[in-house]
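Participant: from the sequence below, what's the structure:
(one chain, ligands or ions: 2)
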Amino acid sequence: MIKKIVPASSLKGEVILPPDKSISQRAAIFSLLYDGISEVGNYSSAQDPQSTLNCVQQLGAVVQERDGKLVIKGTGRKQLKTPEKDLDCGNSGTAMRLLSGVLVGAGISTKLVGDASLSGRTMTRIINPLEQMGAHILARNLAYAPLFINRNEPLKPLKFDLPIPSAQLKSCILLAGLFGEEMTQVIEILPSRDHTERLLNLDQKLVQGRKIISASLSDEIPEQSYTIPGDFSAAAFWLVAGAIQKDAELLISNVGLNPTRNALLDILGEMGADITIENERMEGAEPAGDIIVKGSDLKAVDIDPKMIPNCIDELPILAVAMLFAEGTSTISGAEELRHKETDRIMAISKMLKAVESSFEEKEDGLIIHGDPEFAFQSAEFESFHDHRIAMASAVLSLKGIKESSIKDAESASVSYPTFWKDLDKLRVES
Ligand SMILES: O=C(O)C1=C[C@@H](OP(=O)(O)O)[C@@H](O)[C@H](O)C1
Ligand SMILES: C=C(OP(=O)(O)O)C(=O)O
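Facilitator: Residues are numbered from 1 along each chain as shown. Ligands and ions are numbered 1, 2, ... in the order given. Below is the predicted model of the structure:
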């Protein structure tokens, strides 16, 4: 689908976000592992969480909808079923990596498949440690899906220093570890999103600035009954859209505010954005609140590489904010972006090139020469079938002089099925 976007003179109104994608997927997987019934409110209808929900049903979870909640009867760790068909993770790296951990832990032999994008993303990062735990994993060219997962020997505990700050890798190993008699430990230097530790209430210790997270069979899996907050990574599009539009005022209600996820708030704050947080509260184990953003003058910023894991999915839209900020901004230490749904450094570069802006692409990031008066006529954007690139291009399109277009815009549904409707609702026509 090619989406045409007419520029807007401003943005006004209230945004109701899609439920958090990372938490939804964990709610499904952890409910499967809980030996009892969980009631999950506000589960995401986006493609990735729906892929995960289908997979957990194939593994034995019984899912019903009641009063807008998902009622999930789990199998517990001992009664998981061997799926009759391949587990299809669709576009979701989170589904493939977290489920691989569960399958290895449970000793279930099965095949995991994904779409073309997911089948092009490296799985070596999980294959190596899972093989150290006793798994045997066959992968195309030793790295790519489909993955044939098998474990014929006893599960071995692992003490694992995370070689990259990845919440998917961390969660994968901890999930496998939850099936072991002996304790598995993951050691994290740079904090990545901590939904797994929070929702499973895993033991965590800080030792000389490193976080050590432990998991074993003796950990009880908690019931997963809570309401999932709105997705901060979806809010990011409106935070930037509001910040760069003159006279904009957006209320983004019920946003997940997990501190390992929301570095974008600090970054936009440093850039001079007018952002207020209200009504802060807890939604189960996760903090949430409402955010008001108003249009303002932005200045350039250099992102500390240590912050990258806490804003990794927000970097495509942050690049748009940088384009309208006074001065030169830099993103560095973000090579992980090259391993997402597409090579996102390349995709951001193409987006910035489509509007003829001034920037440099680096191996691990970008240098963007911004200008609050930056203007372009119109552009034809490629989304590369990547939801975050499609939505970032849409926010940029609102600033054009004439209509722009975005290719394969339906990819937004991977995380945000109502994005295009929300855009129409919030825009104030030029
Ligand atoms: O654990 C998760 O839910 C996710 C972790 C991140 O990936 P990595 O762990 O590969 O960095 C993030 O990019 C992805 O959107 C969701
Ligand atoms: C990278 C993402 O997701 P995943 O890795 O789960 O496909 C994302 O949603 O931006």
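Participant: only C-alpha atoms from now on, for both contacts and neighbour counts.
Facilitator: Will do.
Participant: how about the residues of the stretch 51-200 of the chain by ligand 1?
Facilitator: T94, S166, A167, Q168, L169 (CA under 6 Å from any ligand atom).
Participant: among the residues you listed, which are in reach of ligand 2?
Facilitator: Counting by CA under 6 Å from any ligand atom, T94 from those sit close to ligand 2.
Participant: all helices of the stretch 251-400 of the chain, in order?
Facilitator: Taking DSSP state H, counting those that start in this stretch to define them, one finds helices in the stretch 251-400 of the chain at 263-271, 315-323, 344-354, 387-397.
Participant: average model confidence for the third one?
Facilitator: In this model, helix 344-354 has an average pLDDT of 98.
Participant: which residues of the stretch 301-430 of the chain lie near ligand 1?
Facilitator: Counting by CA under 6 Å from any ligand atom, the residues of the stretch 301-430 of the chain that sit close to ligand 1 are I312, D313.
Participant: pLDDT below threshold where in the stretch 301-430 of the chain?
Facilitator: Along the stretch 301-430 of the chain, the parts satisfying pLDDT under 70 run over 430.
Participant: please name the bridge partners of the nearest residue to F359 once chain neighbours are set aside.
Facilitator: Excluding the flanking residues, the one nearest F359 by CA to CA, 6 or more residues apart in numbering is I368, at 4.4 Å. Using DSSP bridges, the bridge partners assigned to I368 are S329, F359.
Participant: distance of I368 from ligand 2?
Facilitator: 21 Å (CA to the nearest ligand atom, to the nearest Å).
Participant: can you list the helices of the stretch 251-400 of the chain in CSV and add distance to ligand 2 and mean neighbour count?
Facilitator: CSV is the format used below for the helices of the stretch 251-400 of the chain (distance: least, CA to the nearest ligand atom, whole Å; neighbours: other CA atoms under 10 Å):
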stretch, distance to ligand 2, mean neighbour count
helix 263-271, 14, 19
helix 315-323, 10, 26
helix 344-354, 10, 20
helix 387-397, 6, 26
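Participant: find the nearest non-adjacent residue to L298, please.
Facilitator: Spatial nearest neighbour of L298, excluding adjacent residues (CA to CA, 6+ apart): A325 at 4.5 Å.
Participant: so who does that neighbour touch?
Facilitator: Each residue near A325 by CA atoms under 8 Å, 6 or more residues apart in numbering is listed here: M271, D297, L298, K299, A300, G370, D371, P372.
Participant: kindly recompute the last result at 10 Å.
Facilitator: When contacts are counted by CA atoms under 10 Å, 6 or more residues apart in numbering, A325 is found next to 244, 271-272, 296-301, 319, 368-374.
Participant: one more: V6?
Facilitator: 378, 394, 397-405, 424, 427, 429-430.
Participant: the closest residue to N310 other than its chain neighbours and ligand 1: what is the separation?
Facilitator: What sits nearest to N310 in space, not counting adjacent residues and going by CA to CA, 6+ apart, is R261, at 4.7 Å. The gap separating R261 from ligand 1 is 9 Å, by CA to the nearest ligand atom.
Participant: picking up where we left off before, pull out the buried members of the contacts of A325.
Facilitator: When the contacts of A325 are checked for burial by 16 or more other CA atoms under 10 Å, the buried set is 244, 271-272, 296-301, 319, 368-372.
Participant: quick one: which of the residues you listed is nearest ligand 1?
Facilitator: A319 (16.1 Å; CA to the nearest ligand atom).
Participant: what is the burial count for the residue lying closest to L142 once chain neighbours are set aside?
Facilitator: Leaving aside its sequence neighbours, L142 sits nearest to T124 (CA to CA, 6+ apart; 7.3 Å). By other CA atoms under 10 Å, 13 other residues sit near T124.
Participant: quick check: residues of the stretch 301-430 of the chain near ligand 2?
Facilitator: Residues of the stretch 301-430 of the chain found near ligand 2 (CA under 6 Å from any ligand atom) are D313, K340, E341.
Participant: so what's the last one up against?
Facilitator: When contacts are counted by CA under 10 Å, 6+ apart, E341 is found next to 91-93, 116-121, 384-389.
Participant: equivalent analysis for the second one, please.
Facilitator: Counting by CA under 10 Å, 6+ apart, K340 makes contact with S92, G93, S117, L118, G120, R121, T122, I312, D313, D386.
Participant: how about the stretch 201-350 of the chain: which residue is closest to ligand 1?
Facilitator: For the stretch 201-350 of the chain, CA to the nearest ligand atom, closest residue to ligand 1: D313, 5.3 Å.
Participant: my guess is that residue contacts S233, does it?
Facilitator: Yes - taking CA atoms under 10 Å as the definition, D313 is a contact partner of S233 at 6.5 Å.
Participant: which one's more surrounded, those two?
Facilitator: S233 (28 against 20).
Participant: could you measure from the more buried one over to L112?
Facilitator: Going from S233 to L112 by CA to CA, to the nearest Å gives 26 Å.
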